[in-house]
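**Q** Quick one, fold the following:
(chains A, B, C and D)
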Protein chains: 2
Amino acid sequence: MTKSPGAADAPERMPTIRDIADRAGVATSTVSRALSNPQRVNARTRERIEKIAAELHYVPSSQARGLSSGRTGAIAVLVPDVTNPFYFDIIRGTQNQLKAAGYTQLLVDTEEATDVELDALRKLRRTADGIILAASRLTDVQLAEAARLQPLVTINRATADAPTVLIDTPGAMVQALEHLASLGHRTVTYVGGPTSSWSTHRRWKAIEEAAARRGMDAVRVGPYSPKTSSGAAAADAALGTGASAVIAFNDLIAIGMLQRFRERGVRVPEDVSIVGCDNIFGADFCNPPLTTIASPIEQAGRTAVSMLLAQLDPLRTASARRLAVMPTHLEVRSSTGAAPAAERHAG
Amino acid sequence: MTKSPGAADAPERMPTIRDIADRAGVATSTVSRALSNPQRVNARTRERIEKIAAELHYVPSSQARGLSSGRTGAIAVLVPDVTNPFYFDIIRGTQNQLKAAGYTQLLVDTEEATDVELDALRKLRRTADGIILAASRLTDVQLAEAARLQPLVTINRATADAPTVLIDTPGAMVQALEHLASLGHRTVTYVGGPTSSWSTHRRWKAIEEAAARRGMDAVRVGPYSPKTSSGAAAADAALGTGASAVIAFNDLIAIGMLQRFRERGVRVPEDVSIVGCDNIFGADFCNPPLTTIASPIEQAGRTAVSMLLAQLDPLRTASARRLAVMPTHLEVRSSTGAAPAAERHAG
DNA sequence: AACATTGCGGCAAGCGATTGCCAAAATTTG
DNA sequence: CAAATTTTGGCAATCGCTTGCCGCAATGTT
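**A** Have a look, this model is predicted:
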């Protein structure tokens, strides 16, 4: 006896396709087909095989499967910062949809850095069947190259080279401006996000144009890192512009500004109005609750997954949508109010 | 000519260990060793190989590597709800540490459901080298079985069968109680979390005991789902108990309660004091800012990774820590205050 | 100088699936 | 009932890498 029977308490070997084949008295290829290509095999043998597989608690090795088939069953989701609540919503959306489709989600934080992003992308060519790239920091050329090498969908980063899910925040910026104008504001300052962010430029452009159209003044400050901690500097800078209203790149900055304004005794919205962007967790219960630009972010994540999956499926790839634009709207809460008298006279 | 040269714009085949071997004029085994077992090969040949690998932008196939070596290079992190900000901090911590160690993070949402958790665990035996199980809903037996089958570390769920990272919230509950007592509160109600949560029982027990010791009354309401939306019901129930102070299972519920209290015209902290738990994003800027139990959650994630990695490493596995307790402290903000007069007299 | 070590690299057998090709069996067709 | 098809299942080659084993060469030991 080399081993006492029953003492098999060691890291039990997992059953393989072969164990099933032996028990069923068929070849491994038949088992493989029965399990992943059901119509290729007789219904009765398939059932028998499935039964045995279930008894054995068989779980296919995605490794082996991936090696021979080329598919990995995993989709990577790249976000600039896992810390940012905005991406949480995206992650939640992708997670849901991916799980439903039987895919595994690989979560990668690119640290808002282009090189980390490129590096991850390169490594993932092997590991993932496709990529969802949120708020990419890549240049157009880099993005095109990446899209050429692997199936990819971008979120909030338009490109002709890959399907894209856009959140129409620029459109909502116009709403925000109108909202502020109707409250009597004549000048607005935009608190910009990271220079590498495609969105911040889009938003500023939208604001600039809309402001020009309605004869308002718009100035920009920044860039600021999208964190609440940037809010203090942003608030001080905004105050420096003398504007009575500010639109922030995102809610994180806006919430940070709220706190700074309080410290400095600046009342919101009496002295200054502020609108954020993204309607993140917390925007509704901060003090005062933040007027912000809301959109179905989680759905953006889900949509991105659908588009990617369509791209992966040779049958649907042709008919796949290349662009989805998520609607946005201005969620008016208490951080915006009538412009102070001084501002109105100046106008 | 079967193919026009240079027209290789198709999904380029990725270089393999073999391409490198050919160029370097060595066997694939040498390349393999040079790349993943450097001291096993001569420095000069190693350098040569590394150089060629770099030129080719070689990326090893984790699939193939995993298949032959048994290791996958991935660690799965299971959380009950990716939506919950508390887990965000954990995820951030694990993500950091895993990336630093060269591992890939697989994020899985178990939807607070035991069967989903078990199912994921089973599938992951093949896919991941180890598991980090946050706030597991498993029974002791299930957990023991899981730990037997694969390397695993739990967070906030003690068990003798696997290394554990505990956040000492019960300890902080005592602090919270003392804090409330010193403010004149005589009775406190605990708003419980999900029945399947191990933490909620631990916390209640700690409160019960501490309250008994200092002659306070403690009652429990619940269970409630850990979401802000549960706050309304929780707030109403808490009001029903007549207690002047409440300790909530977590900040999510506490923040939801804050909103409900405002709706009902109950002032915080004048009429009722409330303390949360976890110090999540938002606890500092809600209205009023929440007194809560804080701890280095992100570090808990990092520690869990370290413990798991130690377990994976045969050299360190013996010396590995089996238990880490993260310190906690009461972060006093504005949601707690002196007990209303009625309460003080009653005491 | 003869022998024992050690260092370095190659050979080849897997790891667990998938899949192209082929042949036997079952079914349809003329 | 034979020929033509279609089903069904097996064989065996891969996928890209790791690793045990072996042997040669270089170094170290008396």
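**Q** So what's the residue count around the residue in the stretch 151-300 of chain A positioned nearest to DNA strand D?
**A** Using Cβ to the nearest atom of the strand, A:P151 is the residue of the stretch 151-300 of chain A that sits closest to DNA strand D, at 17.6 Å. In short, each C-beta sits where N, CA and C put it, glycine included. Neighbour count of A:P151, defined by other Cβ atoms under 10 Å in any protein chain shown: 21.
**Q** That one and B:Y58: what is the separation?
**A** 22 Å (Cβ to Cβ, to the nearest Å).
**Q** what's the nearest residue to A:A342 if we skip its chain neighbours?
**A** Of all residues not flanking A:A342 in the chain, A:S244 sits nearest, at 8.0 Å (Cβ to Cβ, 6 or more residues apart in numbering or on different chains).
**Q** That neighbour is in contact with A:I274, isn't it?
**A** No - with contact defined as Cβ atoms under 8 Å, A:S244 does not count as touching A:I274 (10.3 Å).
**Q** The one helix or strand A:Q95 maps to: which residues count as buried?
**A** Per DSSP states H and E: A:Q95 is located in helix A:85-100. Within helix A:85-100, the residues scored as buried using 16 or more other Cβ atoms under 10 Å in any protein chain shown are A:85-99.
**Q** Not counting residues beside it along the chain, what's closest to A:H179?
**A** A:L330 (5.8 Å).
**Q** what's the host helix or strand of that neighbour packed up against?
**A** Using DSSP H and E, A:L330 sits within strand A:329-331. When contacts are defined as 3 or more Cβ pairs under 8 Å, 6 or more residues apart in numbering or on different chains; DSSP states H and E, strand A:329-331 sits against helix A:169-182, strand A:291-294.
**Q** and whichever helix or strand comes after the longest one, what other elements does it pack with?
**A** What that stands for is helix A:169-182. Using DSSP H and E, the helix or strand that follows helix A:169-182 in sequence is strand A:187-191. On a contact count with 3+ Cβ pairs under 8 Å, 6+ apart, strand A:187-191 meets helix A:198-213, strand A:217-221, helix A:231-241, strand A:245-248, helix A:251-263.
**Q** what mean pLDDT would you report for the fourth one?
**A** So the one you mean is strand A:245-248. If you average the pLDDT over strand A:245-248, you get 97.
**Q** Send me it as PDB with only the CA atoms.
**A** Presented in PDB, the C-alpha positions along strand A:245-248 are these (Å, rounded to 0.1, in the frame of the first residue of the first chain):
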ATOM      1  CA  ALA A 245     -21.600  80.200 -10.500                       C
ATOM      2  CA  VAL A 246     -19.300  77.300 -11.100                       C
ATOM      3  CA  ILE A 247     -19.600  74.100 -13.000                       C
ATOM      4  CA  ALA A 248     -17.200  71.400 -11.800                       C
END
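**Q** Get me the contact residues on chain A for DNA strand C.
**A** Neighbours of DNA strand C within chain A, by Cβ under 7 Å from any atom of the strand: A:13-14, A:16-18, A:28-29, A:32-33, A:35-37, A:60-61, A:63-65, A:67-70.
**Q** Buried ones among the residues you listed?
**A** For the residues of chain A next to DNA strand C, a neighbour count by 16+ other Cβ under 10 Å gives the buried set as A:14, A:16-17, A:32-33, A:35, A:60-61, A:63-65, A:67.
**Q** Just the ones in helices from those residues, please.
**A** With DSSP state H as the criterion, helices contain A:17, A:32-33, A:35, A:63-65, A:67 from among those.
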